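A.B. asks: fold the stuff below for me.
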Amino acid sequence: MRQSTPEPYRLPAPLRRAGEAFLAERFPKATPGRRRAWIAALSEAFTAEREALPGSYLNRPEARSAYLAFFHPQQVIRGIAALDETKTRAAARGLWPGAAATAERPLRVLDAGAGLGAMTQALVAVEPDTPLDVVLVDHQKSGVADARDLTAACISSMRPKGAPPRVRTAVSHLEPWVKKAAEAGWTYDLVLVGGVLNELRGAWPPLVRRLLAVLDPAAPGGGMLVTVEPAIPKVARQLQELRDDLLGETTTVAPCTHGAECPLAKLIRDWCFTVRPAELPRAVAEEAARLGHQTSEIRFAFWAACGRPDAAPFEHPPGAAGRIVSDPVPGGQVVCCEGERERLPESAPRRMRGEIVLR
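C.D. replies: You can find the predicted model right below:
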């Protein structure tokens, strides 16, 4: 099999500078010691059961400051990696919704459960010249206000001579807002869902079906939904199950190279996530090293799909491409190819999880 090595993902310099300036201006009294304590506390909560997190933790200034300083840049980089692959693969199939955006008809984006706007800011990095009309929805009032201002600053930083960005907000829990949007006939070309599903108390498919229902059927492929979640076994397996549950209602764009049921979903120990090389901002990398976290790569589980079934064939013929779904193991790394599990030769160079290999 032929293989390609991805380049490290990083924050574009204008985006990084905008984030650093926003953090300093919005939280001038935050001390390094207090911020580190909150980073450690949030880190422990994020790696445990998410149900233990307070429902509105981003409304607390200390928590929001710590999140923006450490977790948010990493979430933006994860979003960049997921959206970069999604855009490349969707464009090859004529399904990328941003391809036809103009100043008169911008790309209409719903950032569902926006938090501090990481997914939209990642989209700005991937599509710096695309006119955007963004709606950020989250129930945390202070977090949404910061998300709006930071997102506007990021857009302006990436195209300083462009028209002022249109970024609107809605302070609401997601499910009632999506119901209201559907009843009002509001539609979007692209729905972004970053780190939301893993914090749901109930089943995922009902909410995702409601989000798919607000996609514009006139957009390529009936619009697109992209969800990025933590690379935690339970969460990644739920995402695999969600994909399979919606196979007949959607067209998968990424990460899979096929439209069959996920072969890993039937296995107890296997779960699908993506690893990409990354260059973290210096302060983030230093704090990650102090906590014993990864400093040179990012990990995430994601799924991108169009809202219409059978929207377009995959970019490679059936069986011509596969995805690495294991670390190096005796017998060779496992490849998911056309719904089946195969292996690379044991002597083959080590590949990162999520890399595409071509026959």
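A.B. asks: is residue 353 in a helix, a strand, or coil?
C.D. replies: coil (DSSP: H, G, I helix; E, B strand; the rest coil).
A.B. asks: which residue is the nearest non-sequential neighbour of it?
C.D. replies: In space, and not counting its chain neighbours, residue 353 is closest to residue 275: 4.4 Å by C-beta to C-beta, 6 or more residues apart in numbering. Every C-beta, even on glycine, is put in place using the N, C-alpha and C of the backbone.
A.B. asks: in a helix, that's where that neighbour is, yeah?
C.D. replies: No: looking at residue 275 with three-state DSSP, it is strand, so not inside a helix.
A.B. asks: what are the buried residues along the longest strand that the chain contains?
C.D. replies: Ranked by residue count and defined by DSSP state E, the top strand of the chain is strand 297-306. By neighbour count with 16 or more other C-beta atoms under 10 Å, strand 297-306 contains the buried residues 298, 299, 300, 301, 302, 303, 304, 305, 306.
A.B. asks: output it as CSV, nothing but the C-alphas.
C.D. replies: Coordinates of the C-alpha atoms in strand 297-306 are reproduced here as CSV (Å, rounded to 0.1, in the frame of the first residue of the first chain):
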residue,chain,number,x,y,z
GLU,A,297,0.4,15.4,18.5
ILE,A,298,-3.4,15.7,18.8
ARG,A,299,-5.9,13.0,19.2
PHE,A,300,-9.6,13.1,18.4
ALA,A,301,-12.6,11.2,17.1
PHE,A,302,-14.7,12.7,14.4
TRP,A,303,-17.4,12.2,11.8
ALA,A,304,-18.3,14.3,8.9
ALA,A,305,-21.5,13.6,6.8
CYS,A,306,-23.8,15.1,4.3
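A.B. asks: which strands or helices does it pack on?
C.D. replies: Strand 297-306 sits against helix 72-92, strand 224-229, helix 233-245, strand 251-254, strand 274-277, with contacts defined as 3 or more C-beta pairs under 8 Å, 6 or more residues apart in numbering; DSSP states H and E.
A.B. asks: name the next helix or strand following the first one along the chain.
C.D. replies: Which is helix 72-92. Following helix 72-92 in sequence order, the next helix or strand is strand 107-112 (DSSP states H and E).
A.B. asks: now the angle from that next one to strand 224-229?
C.D. replies: Calculated by axes from the mean of the first three to the mean of the last three C-alpha atoms, to 10 degrees, strand 107-112 forms an angle of 40 degrees with strand 224-229.
A.B. asks: neighbouring strands of strand 107-112 in the sheet, and parallel or not?
C.D. replies: Sheet pairing here is set by DSSP bridges, and for strand 107-112 it gives strand 132-138 (parallel), strand 190-194 (parallel).
A.B. asks: quick one: the helix or strand that that strand is followed by to chain centroid distance?
C.D. replies: Once strand 107-112 ends, the next helix or strand along the chain (criterion: DSSP H and E) is helix 118-126. Centroid separation for helix 118-126 versus its chain: 9 Å, with C-alpha atoms, centre = their mean, to the nearest Å.
A.B. asks: what's helix 118-126 in contact with?
C.D. replies: Helix 118-126 is contacted by residues 11-12, 15, 72, 75-80, 82-84, 87, 109, 111, 114, 132, 134, 136, 147, 150-151, 154-155, 158, 167, 190, 192-195, 226, 228 when judged by C-beta atoms under 8 Å, 6 or more residues apart in numbering.
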